[in-house]
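Enquirer: Structure of the sequence below:
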Amino acid sequence: QLIPSAPATAWPAIFGGAFAATALTLVLVALGSGLGLASVSPWSGLGMTAGTFTLTTAIWLIVVRWLSAGLGGYLTGRLRTGWTDMHADEVFFRDTANGFLAWAVASVVGAALLASVATSVISAGANMTAGAAASIGQNTSQTANRSGGGVGVGDPTGYFVDSLFRSERPGAATSAPDVRTETTRILLTGVGNDGIAPADKAYLAQLVTAHTGLAPADAVKRVDDVIARAKTAEMAVRKAADSARKAGAYLSIFTGLSMLIGAFIACAAAALGGQHRDN
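Expert: The predicted structure follows:
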């Protein structure tokens, strides 16, 4: 049987289903964001853990994708203009194709909206970071000018340097600014790489002995303890970064799979809507 020359794509229905799917996605994402923020807490032991939060977010995004794809596909199939004198297989194919196009349009529109929001957030964060960095740099420069150098307040190794040169006599001068700066460089270089060289450890022990009055053996023990604590802190930072990387990778995989399944759901829903429209 010859297929009539009627348009195979019902663009009004496609755009209508796509915008309906996008609107439902925005509503459900906003609802999920509110529920997610309500479920976390800055207090230790309260609220869900980071792993649970990531898993819940992934599941919610999958549900959002499927619901919006189903709604958009069904509306596309139900609202399209009926094709008369056409084989049932061709009608089924056109319905599924229109559902797929509605899913594709909704995905592109949603991606554009997310990109716009992400750009705004990144731009605002960059401006805040630049302002904070300029303020910190100015404060650090002023502090250095007053004290003649030394470790800045925001330096991540500042606490460990203080621990090294903590004197047994409260109120006593512990070390000169240039010594503290040199010690900071040694810690940053050693902890961030394979470890602090034995010669650097011996040198740090000599500095601790000279500026705190500790016995050489006690100074060596203090240096080893501080290096171990600094290494533990550095490993904790790396572990947190690795966890964030894995969470982002899993979220991307779940999002991709949910989109593929969403495309299938949109096609099936469009075919169902087309059948209801014809009946």
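Enquirer: if I look at residue 23, how far off is residue 94?
Expert: Distance of residue 23 to residue 94, given as C-beta to C-beta, to the nearest Å: 25 Å. For every residue, glycine as well, the C-beta is placed using N, CA and C.
Enquirer: Looking at the two, which has the bigger crowd around it?
Expert: residue 94 (23 against 14; other C-beta atoms under 10 Å).
Enquirer: Surely the more buried one and residue 7 touch.
Expert: No - under the criterion of C-beta atoms under 8 Å, residue 94 is not in contact with residue 7, lying 9.5 Å apart.
Enquirer: need the helix or strand of the protein with the lowest average pLDDT.
Expert: Least confident helix or strand, the chain: helix 158-164 with a mean of 62, by mean pLDDT, DSSP states H and E.
Enquirer: what's the next secondary structure element after that one?
Expert: Remark: after helix 158-164, the chain's next helix or strand is helix 177-192, criterion DSSP states H and E.
Enquirer: helices or strands next to that following helix in the packing?
Expert: On a contact count with 3 or more C-beta pairs under 8 Å, 6 or more residues apart in numbering; DSSP states H and E, helix 177-192 meets helix 158-164, helix 198-212, helix 216-278.
Enquirer: Including mean neighbour count and distance to residue 85, could the ones you listed go into TSV?
Expert: As requested, the helices and strands packed on helix 177-192 are exported to TSV (neighbours: other C-beta atoms under 10 Å; distance: least, C-beta to C-beta, whole Å):
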stretch	mean neighbour count	distance to residue 85
helix 158-164	18	81
helix 198-212	17	88
helix 216-278	16	13
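Enquirer: do you know which of those lies nearest residue 81?
Expert: Nearest to residue 81, of all the helices and strands packed on helix 177-192, is helix 216-278, at 9.1 Å by C-beta to C-beta.
Enquirer: and the angle from that closest one to helix 198-212?
Expert: 110 degrees (axes from the mean of the first three to the mean of the last three C-alpha atoms, to 10 degrees).
Enquirer: Output stretch 244-253 as CSV, nothing but the C-alphas.
Expert: Taking Å, rounded to 0.1, in the frame of the first residue of the first chain, the C-alpha atoms of stretch 244-253 are listed here in CSV:
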residue,chain,number,x,y,z
ALA,A,244,34.2,13.1,44.8
ARG,A,245,35.7,11.9,41.5
LYS,A,246,34.0,8.5,41.9
ALA,A,247,30.7,10.1,42.8
GLY,A,248,30.8,12.3,39.7
ALA,A,249,31.7,9.4,37.5
TYR,A,250,28.9,7.2,38.8
LEU,A,251,26.4,10.1,38.5
SER,A,252,27.5,10.7,34.8
ILE,A,253,27.1,6.9,34.1
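Enquirer: pLDDT of it, averaged?
Expert: Mean pLDDT, stretch 244-253: 78.
Enquirer: Which residues are in contact with residue 232?
Expert: With contact set as C-beta atoms under 8 Å, 6 or more residues apart in numbering, residue 232 has no partners.
Enquirer: Quick check: it vs residue 225, distance?
Expert: Residue 232 is 11 Å from residue 225, where distance means C-beta to C-beta.
Enquirer: again with residue 97
Expert: To residue 225, residue 97 is 69 Å away according to C-beta to C-beta.
Enquirer: Equivalent analysis for residue 190, please.
Expert: Taken as C-beta to C-beta, the span from residue 190 to residue 225 is 15 Å.
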